[in-house]
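Trainee: Model the following, please.
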Amino acid sequence: MDTRHCAREGERRESLFRRWVARPVLDQLRQGTSPGRLAASIAAGTVCSVLPFIGLTTLFNLVVAAVARLNQPIMQVLNQLLTPVQLVLILVYVRIGERLWGAHPLSFSVSDVVSTFREASLSEFFARFGMAGLHALTAWTITAPVVFGVVWFATAPLLRRFAVRGLEGKASS
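Mentor: All right, here's what the predicted structure looks like:
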């Protein structure tokens with residue numbers, strides 16, 4: 001194996017991380033956005049992006065960011081990055097909601113939901129999956145504040161350190 005190739009790959013990955021993650025976050029901090037506000041954007045974006053309804057997360061992120069005056073680009077990037085997580089969590093939220101409601105488990109998959117949505121009438125779709133949606137929404141609503149808090153408390157200190165290092169680096173250049 002050519003070690004020069006591996007080194008270049010490592011440099012390229014670091015460069016992409018710096019270019020697409022570190023630099024935009026640092027730019028926001030340099031423009032005066034507080035680490036706490038960025039952490040709130042990341043936390044809210046995470047919560048909004050795992051809403052258990054396919055196709056609504058972009059609009060939900062848009063509205064929440066506008067109302068709360070959070071960082072729209074960060075929330076929309078998270079929305080895209082968390083789509084696979086959202087798809088997995090739909091079933092998790094449905095199952096948690098079923099337990100909370102004391103309901104019998106419904107047999108379905110995400111592909112079932114998507115194909116029924118495309119092929120059946122809206123009333124047939126809601127007749128088949130309406131309660132599952134209610135169960136999922138219930139579980140999401142209960143877990144959303146916890147997820148927000150965990151993400152905020154995990155990212156705020158990191159962003160504060162990042163801000164100090166990044167802003168000190170700018171002063172010494």
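Trainee: dump the residue contacts of L87.
Mentor: If you count contacts by Cβ atoms under 8 Å, 6 or more residues apart in numbering, L87 has them with 54, 110. For every residue, glycine as well, the C-beta is placed using N, CA and C.
Trainee: Same question for L159.
Mentor: Residues near L159 by Cβ under 8 Å, 6+ apart: 25, 29, 35-36, 38-39.
Trainee: close enough to count as contact, P105 and R95?
Mentor: Yes: contact between P105 and R95 holds when scored by Cβ atoms under 8 Å: they sit 6.8 Å apart.
Trainee: of these two, who's got more company?
Mentor: R95 (16 against 11; other Cβ atoms under 10 Å).
Trainee: for Q31, phi and psi?
Mentor: Dihedral pair for Q31: phi -80, psi 0, per degrees, to the nearest 10.
Trainee: Run through the residues that contact it.
Mentor: With contact set as Cβ under 8 Å, 6+ apart, Q31 has no partners.
Trainee: now it: how far from V25?
Mentor: In this view, Q31 and V25 are 11 Å apart by Cβ to Cβ, to the nearest Å.
Trainee: do V94 as well
Mentor: Here V94 is placed at a distance of 34 Å from V25 (Cβ to Cβ).
Trainee: By neighbour count, which of the contacts of L159 wins?
Mentor: That'd be L38 among the contacts of L159, by other Cβ under 10 Å, with 23 neighbours.
Trainee: What distance do you get for V47 to N79?
Mentor: 11 Å.
Trainee: more neighbours, those two?
Mentor: Set side by side, V47 and N79 show more neighbours around V47, with 25 against 22, by other Cβ under 10 Å.
Trainee: List the contacts of the more buried one.
Mentor: Shown in contact with V47 (Cβ under 8 Å, 6+ apart): 144, 147-148, 151.
Trainee: Restricted to buried residues, select those in PyMOL.
Mentor: A single PyMOL command selects the buried members of the contacts of V47 (16 or more other Cβ atoms under 10 Å):
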select buried, resi 144+148+151
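Trainee: I'd like the contacts of V47 as a markdown table, with distance to T83, pLDDT and secondary structure appended.
Mentor: Converted to a markdown table, the contacts of V47 look like this (distance: Cβ to Cβ, whole Å; pLDDT from 0 to 100; DSSP: H, G, I helix; E, B strand; the rest coil):
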| residue | distance to T83 | pLDDT | secondary structure |
| --- | --- | --- | --- |
| A144 | 18 | 98 | helix |
| V147 | 16 | 98 | helix |
| F148 | 19 | 98 | helix |
| V151 | 17 | 97 | helix |
